[in-house]
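[1] Pasting the sequence and the predicted model now:
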Amino acid sequence: MFLQPIEVGDGFVISKLNDRTYWDGWRFVSDIASAKKYPSLWEAMKEIQEIIDAQYEPFQKKSYIVPVTIEATGNVTRKEIGEYLQAAAKLFVDREEFGNGPSADSYVEPEIHWHLIKDLSDGLDEDPDDPYSSWGYDLDIDDL
């Protein structure tokens with residue numbers, strides 16, 4: 001299901017792109033005039049997330065971890081870098097082009113936990129048998 005907020009007049013409606021129907025608050029309808037109107041983009045995006053969550057609720061969730069390497073120069077701390085990235089970095093998934101996941105009944109939602117930033121001064125040891133410790137993801141008590 002490919003959902004997108006569309007600006008209409010003084011608000012937004014939610015459109016299902018694959019069949020050009022619109023969310024009326026309970027179901028998707030063909031008449032845009034019957035669509036539920038949201039006063040802000042944020043409210044429409046929040047509703048989209050709730051619709052998607054409800055659709056994929058019956059499926060088992062799995063979590064994976066992928067290292068993202070951040071290089072920083074200058075006299076900054078790990079905490080400052082994490083706070084900066086939390087505010088400035090955006091992760092974009094091109095759902096319009098590639099869908100919600102690798103199959104029709106899947107939904108993939110990446111999330112970055114910037115507060116778990118680790119120093120990798122010794123480089124990245126890519127041990128596939130123990131990725132959490134070899135990639136530096138053993139949690140310190142200070143991280144909690």
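    Thanks, I have it. Please read these numbers as outputs of a predicted model, since none were measured by experiment.
[2] quick one, strands of the protein?
    Taking DSSP state E as the test, the strands found in the chain are 3-8, 11-16, 21-23, 28-29.
[3] Ok, which of those comes nearest D53?
    strand 3-8 (11.7 Å; C-beta to C-beta). C-beta: built from backbone N, CA, C; applies to glycine.
[4] In its sheet, which strands sit next to that closest one, and in what direction?
    Strand 3-8 pairs in its sheet with strand 11-16 (antiparallel), by DSSP bridges.
[5] Name the residues that touch the partner strand?
    Residues from elsewhere that reach strand 11-16, judged by C-beta atoms under 8 Å, 6 or more residues apart in numbering: 1-6, 21-23, 28, 32, 35-41, 43-44, 47-48, 51.
[6] buried subset of those residues?
    Buried members of the contacts of strand 11-16, scored by 16 or more other C-beta atoms under 10 Å, are 1, 3, 5, 21-23, 28, 35-36, 38, 44, 47-48, 51.
[7] and those as TSV, adding pLDDT?
    Shown next, in TSV, are these (pLDDT from 0 to 100):
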residue	pLDDT
M1	68
L3	89
P5	93
T21	95
Y22	96
W23	96
F28	95
A35	96
K36	97
Y38	97
A44	95
E47	95
I48	92
I51	92
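[8] Closest to V108 out of these?
    M1 (13.3 Å).
[9] Break this structure into its domains for me.
    Using automatic domain parsing, the domain parsing of the chain gives 3-56, 78-143.
[10] need these in JSON lines with distance to I70, can you?
    Output for those, formatted as JSON lines (distance: least, C-beta to C-beta, whole Å):
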{"stretch": "domain 3-56", "distance to I70": "26"}
{"stretch": "domain 78-143", "distance to I70": "7"}
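[11] Just say which of those domains is most tucked in.
    domain 3-56 (a mean of 14; mean count of other C-beta atoms under 10 Å).
[12] so how far is it from its chain's centroid?
    Centroid separation between domain 3-56 and its chain, computed with C-alpha atoms, centre = their mean, to the nearest Å, is 18 Å.
[13] got it, and stretch 87-105?
    7 Å.
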